[in-house]
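Student: Got a sequence here, can you build the structure:
(one chain, ligands or ions: 1)
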Amino acid sequence: MTLPTGVERHEFDGETSIATQGDPVYGERTDDPWRRWDPHRSKLGAMLELGMDTGLSGGETVLYLGAAAGTTASHVADFCGPTYAVEFAPRPMRDLLTAAESRQRLFPLLKDARKPETYAHVVEPVDVVVQDVATRGQGRVANLNEQFLSGDGRLLAAIKARSEDVTADPETVFERVRSDLEQSYEVLETARLDPYHADHLGVVATPRDE
Ligand code: SAM
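Tutor: Have a look, this model is predicted:
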């Protein structure tokens, strides 16, 4: 597995895990200067642990949709460039602001990812969109935000089946979301995120040629 620059495998109390360098955020294990990137707490961490080809090499400009309290967004900002972190719930936003205090490249935005026009004046074109919104209409959210991606950029999305339909078979939901995504993207790779996250699909995609 090729990890981006700034993400390394490190041993924490006898257990090997991916890790980045930065102030701890969510009680993760640390071994100065490294802090564990817990794949059980992070879908992007799981995608890296599972060896998905994310295309990340380090230093990319990122738009992160569904940042919550910054568990994953903080790791991303540790090894990427400017990281615009969109979250619409005020409560996790407070913790996200705390995580951003020691991270000059992390820019929290209290915005709704379904309304990209409300942050289009702030967000520059990005190399990567990371999406983990766990809400109905995950394909639509990704399509609405494709406008920010450079032509050869990557969408790295975690699709939660139960957010679309609690009763349907996850595979049926994933097929539906995939076909939604194909309006704007070419899907390069998909993988279930087990054993880290049940009923989640990791997706790597790139904007479709016009
Ligand atoms: N990505 C986070 C991490 O790994 O640390 C966890 C994200 S959590 C599964 C999903 C988050 O998406 C929630 O905090 C929720 O408030 C946020 N969310 C859902 N719909 C959203 C929307 N339309 N715009 C912005 N945030 C949204």
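
Student: same for the longest strand seen in the chain, what does it pack against?
Tutor: Identified as the longest strand of the chain according to DSSP state E is strand 149-160. On a contact count with 3 or more CB pairs under 8 Å, 6 or more residues apart in numbering; DSSP states H and E, strand 149-160 meets helix 43-49, strand 126-131, helix 138-144, helix 170-181, strand 200-207. Quick note: C-beta positions are derived from backbone N, CA and C, even for glycine.

Student: same thing but 10 Å
Tutor: helix 43-49, strand 62-65, strand 126-131, helix 138-144, helix 170-181, strand 185-192, strand 200-207 (3 or more CB pairs under 10 Å, 6 or more residues apart in numbering; DSSP states H and E).

Student: Okay, angle between it and strand 200-207 too, please.
Tutor: 170 degrees (axes from the mean of the first three to the mean of the last three CA atoms, to 10 degrees).

Student: For the ligand, see how far away the most centrally placed residue in the chain is.
Tutor: Nearest to the geometric centre of the chain sits Val130, at 3.5 Å (CA atoms, centre = their mean). The spacing between Val130 and the ligand, counted by CB to the nearest ligand atom, to the nearest Å, is 8 Å.

Student: same thing with His200?
Tutor: 9 Å.

Student: swap in Gly59?
Tutor: 21 Å.

Student: could the helices and strands packed on strand 149-160 be laid out in CSV, adding mean pLDDT?
Tutor: Listed next are the helices and strands packed on strand 149-160 as CSV, based on pLDDT from 0 to 100:
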stretch, mean pLDDT
helix 43-49, 98
strand 62-65, 98
strand 126-131, 98
helix 138-144, 98
helix 170-181, 98
strand 185-192, 98
strand 200-207, 98
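
Student: Okay then, goodbye and thanks.
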